[in-house]
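> model the following, please.
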Amino acid sequence: MNTTNRHTQTKTYILLEGDTMYSIADKFGLEANAIRNFHNEHASLNNHIPFSNDIPEHVLEILLSVAALQNIKSHTLEVPVVLKNQNSLHCDFSILNHNYGVVLYLETQKGKKRIHYTTALECTKEFEFVYDLILNKSQVYIDYKIPDMLADSLANSLAKPLYPIEVQVGRSGKLLRVTNQPEIYKQWKIEKPKLLRYFRSSIAERQIQAADIAYQNTTAIEKALRRDLFFTLYCSRLYTKYFSKLEIENTLRIPIYPFIRGIQYQVKQHIHPFLNANGNITLHQIGKVSDSRSSKDIEQSKDEPYYKGDPLEGELDITYEFCNQKHIIKSIRGTVTLLMNQQLDKKITIEAYQLT
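Residues are numbered from 1 along each chain as shown. Below you'll find the predicted structure:
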């Protein structure tokens, strides 16, 4: 149900079950950030929508800008995507200085969790299409709280010294190397004694000692970075040639479990031939599990095939939105599922969006 207030030029959208900021944005052809900002400007304070992008349960309606809706309506003609050099999608990483809000919904047989944090990416140098980036990550919240369960709190504390992390990426966005391992290890040496005093158990001590070994090794730090789903998707060979069909095949390793190699998915990567309602480029990844490990291999934390057993199954469905001019990622949305022993073991939904 929609109603319009002629005096304030706002349109009221009554929320339906399952609505998110992104589903509403798709429905009206607006950006989620623009909807939230307009709503917060015109709604009462207790009905504001936080920057986590979740709509609070007590909010029953969203206020939309009539002017923005009319502007979108007047630009509904299909405008083709124009790419150069065999339909190459390339990003000018040198201008990268952006913050992203990241929300993950994790569903397992044990229940559901909501995880959110903010990631900052900044380019500090470029030479011959190799880009030096600084990545930072804010406090991680689980179900809107700082982690208080022992396992979650320990995992969060072990990862904190990773950031800020300095990396080099190539023109395709692929991670080439971590460049500040000595500085990361110095920060870890400061944090390690505090963790040993706070987490007093044999299990925690083993995890801390394992982290101590990892922080001394650049390769191990790179593996830890690849366990971040947002960074994995951000650097998943998006920037390349798509040729006449605007489609390529790609292989992704998705970090579904924290301490083993990512699950392999074979995907088709397709650029929509027309700009979306926001005047931006849309890219869609869709695929299925192609990992050769069995369900028992995953249960036993194996990085390579070892045991016979039921094959892994699952699907990946991710949509990216890029700025039409510089091809910086504006949002990443989608779902990854994994079935083990023919039953759903994990479902991860990601909603990442550019804040600045």
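> neighbours of the residue lying closest to Gln109 once chain neighbours are set aside, how many?
Of all residues beyond its chain neighbours, the one nearest Gln109 is Asp345 (6.8 Å), with distances taken as CB to CB, 6 or more residues apart in numbering. (Glycine included, C-beta is placed from N, CA and C.) Number of residues near Asp345 (other CB atoms under 10 Å) recorded here: 20.
> can you pull the poorly scored residue ranges out of the chain?
Applying pLDDT under 70 to the chain flags residues 1-8, 51-53, 72-77.
> tell me where the stretch 201-350 of the chain has strands.
In the stretch 201-350 of the chain, the segments counted as strands under DSSP state E, counting those that start in this stretch are 247-254, 263-271, 281-289, 315-322, 329-340, 343-354.
> including distance to Tyr306, could these go into CSV?
Rendered in CSV, the data for the strands of the stretch 201-350 of the chain read as follows (distance: least, CB to CB, whole Å):
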stretch, distance to Tyr306
strand 247-254, 18
strand 263-271, 15
strand 281-289, 17
strand 315-322, 24
strand 329-340, 15
strand 343-354, 18
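> so how far is Pro56 from Pro258?
Going from Pro258 to Pro56 by CB to CB, to the nearest Å gives 30 Å.
> equivalent analysis for Asn85, please.
As for Asn85, its distance to Pro56 is 46 Å (criterion: CB to CB).
> after the helix or strand harbouring Gly101 comes which helix or strand?
Element membership for Gly101 (DSSP states H and E) is strand 97-108. Beyond strand 97-108 in the direction of the C-terminus, DSSP H and E gives the next helix or strand as strand 111-127.
> list the buried ones in that next one?
Residues of strand 111-127 classed as buried: 115-121, 123 (neighbour count, 16 or more other CB atoms under 10 Å).
> hmm, who's touching stretch 191-200?
With CB atoms under 8 Å, 6 or more residues apart in numbering as the test, stretch 191-200 has contacts from 150, 154, 157-158, 160-161, 204-205, 208, 211-212.
> how about 10 Å then?
If you take CB atoms under 10 Å, 6 or more residues apart in numbering as the criterion, stretch 191-200 is touched by 150, 153-154, 157-158, 160-161, 188, 204-205, 207-209, 211-212, 215.
> backbone phi and psi for the residue lying closest to Glu126 once chain neighbours are set aside, please?
Using CB to CB, 6+ apart and skipping residues adjacent in sequence, the residue nearest Glu126 is Ser94, 4.4 Å away. Dihedral angles of Ser94 (phi, psi; degrees, to the nearest 10) stand at phi -60, psi -20.
> and Ser94, what does it touch?
Taking CB under 10 Å, 6+ apart as the criterion, Ser94 is in contact with 123-126, 129, 131-132, 326.
> now, which of those residues sits nearest Ser44?
Nearest to Ser44 among the contacts of Ser94, counting by CB to CB, is Lys326 at 37.3 Å.
> about what we covered before: who has more neighbours, Asn85 and Pro56?
When Asn85 is set against Pro56 and neighbours are counted by other CB under 10 Å, the residue ahead is Pro56, at 12 against 7.
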